[in-house]
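**Q** My questions concern the predicted model and sequence given below.
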Amino acid sequence: MNKNLTTLGMVFFLWGNITSINSTLILFFYQYFKITWQQAILINVLFYLAPFITCLPCSLLISRWGYRTVLRVSLFTSAVGCMALGFALQGFSFSYSLLAVFVVATGVSAMQVVANPYLTLLSKPHKRIGNLSLASAVNSLGTTLAPLFIALLLQHYPIDFAAHREPISGLWMVLSFFSALLIFISFIINLPDAEQPTCNHQRFSDLWQHKGFIFNATAIFIYVGVEVAIATSVVKYLTTMGLWQIDQAMSLVSIYWGGSIDWAYIVWIICSQNKYLSCISYRYIVLCMLCDPGFTTQ
């Protein structure tokens with residue numbers, strides 16, 4: 001994989017980290033700010049409300065500015081949001097933390113919109129599905145490592161609730177730096193822009209006439225719903241019902257996120273071997289992931 005695809009793979013890794021950290025730290029906000037669980041859930045509500053607001057305008061910006069510029073803007077937005085969230089935690093402000101989470105989520109949503117087609121267009125035609133599956137595996141690696149890192153962080157630097165001292169703000173500062181670093185790398189390697197494929201302009205309502213669009217939109221809706229529900233509730237369940245320590249519960253969340261790595265690597269291997277079989281296999285494996293209770297409850 002060349003330097004351009006490696007850089008985009010790092011973008012996948014970044015938003016995997018941010019997404020996993022956000023879901024895992026809801027219990028932290030609940031305890032740190034001494035708020036109700038309903039208020040703590042607002043963190044996830046805002047984080048997943050952002051894609052609904054961001055995605056369509058982002059696609060319009062891609063058509064005007066190109067993939068490279070929008071990717072840099074999304075990374076910049078993420079960097080600003082992560083830094084703002086770090087300062088909000090240091091200032092012990094829940095309201096500013098909510099605002100910062102929304103800014104972070106806006107950047108992450110834009111990354112997702114631009115990075116998937118960007119990586120596809122920069123790949124050779126016979127390697128596109130395989131490269132996208134490998135990037136998804138890298139994304140899952142980020143979601144898997146993040147809870148483990150948080151668990152180690154909390155174990156070595158416990159939270160002092162009385163003095164409002166915590167290590168989590170520093171973690172968001174690191175993510176801000178990493179986002180800025182990726183922008184810098186994109187300039188250093190002179191990341192090329194991708195030529196936008198020609199397509200027939202149609203109204204948004206016309207999309208609902210395509211069965212493939214309806215199937216994929218429904219599958220993504222179900223997948224995200226299951227993913228968010230489990231990731232949001234599992235830590236609180238383990239700490240309240242299982243009486244586990246918060247760092248132990250967070251470390252085991254990595255097992256849940258790690259399950260998706262296996263599937264992504266399987267798809268990558270299949271797609272690398274047979275380009276005809278790849279399309280069929282990819283859809284089949286996605287269906288297995290949605291229907292297999294073992295996958296959704298691990």
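**A** Nice, I can see it.
**Q** show me where pLDDT drops low in the chain?
**A** Along the chain, the model assigns pLDDT under 70 to residues 1, 197-205, 247, 250-251, 253-298.
**Q** Now do the strands in it.
**A** Using DSSP state E, no strands are assigned anywhere in the chain.
**Q** can you give me the helices in it?
**A** Listed in chain order, the helices of the chain (DSSP state H) span 3-24, 26-32, 37-65, 67-90, 94-122, 128-156, 168-188, 211-240, 246-273, 275-291, 293-296.
**Q** Serialize those helices to JSON lines and add fields for mean neighbour count and distance to Glu195.
**A** Glycine gets a C-beta too; all of them are placed from N, C-alpha and C. Shown next, in JSON lines, are those (neighbours: other C-beta atoms under 10 Å; distance: least, C-beta to C-beta, whole Å):
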{"stretch": "helix 3-24", "mean neighbour count": "22", "distance to Glu195": "14"}
{"stretch": "helix 26-32", "mean neighbour count": "20", "distance to Glu195": "41"}
{"stretch": "helix 37-65", "mean neighbour count": "16", "distance to Glu195": "12"}
{"stretch": "helix 67-90", "mean neighbour count": "22", "distance to Glu195": "9"}
{"stretch": "helix 94-122", "mean neighbour count": "22", "distance to Glu195": "7"}
{"stretch": "helix 128-156", "mean neighbour count": "21", "distance to Glu195": "14"}
{"stretch": "helix 168-188", "mean neighbour count": "17", "distance to Glu195": "18"}
{"stretch": "helix 211-240", "mean neighbour count": "14", "distance to Glu195": "23"}
{"stretch": "helix 246-273", "mean neighbour count": "19", "distance to Glu195": "23"}
{"stretch": "helix 275-291", "mean neighbour count": "14", "distance to Glu195": "22"}
{"stretch": "helix 293-296", "mean neighbour count": "12", "distance to Glu195": "37"}
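**Q** and Ala162, which of those is closest to it?
**A** Smallest distance to Ala162 across the helices of the chain (C-beta to C-beta): 11.3 Å, for helix 26-32.
**Q** who are the neighbours of that closest one, in terms of helices and strands?
**A** With contacts taken as 3 or more C-beta pairs under 8 Å, 6 or more residues apart in numbering; DSSP states H and E, helix 26-32 sits against helix 37-65, helix 211-240, helix 246-273.
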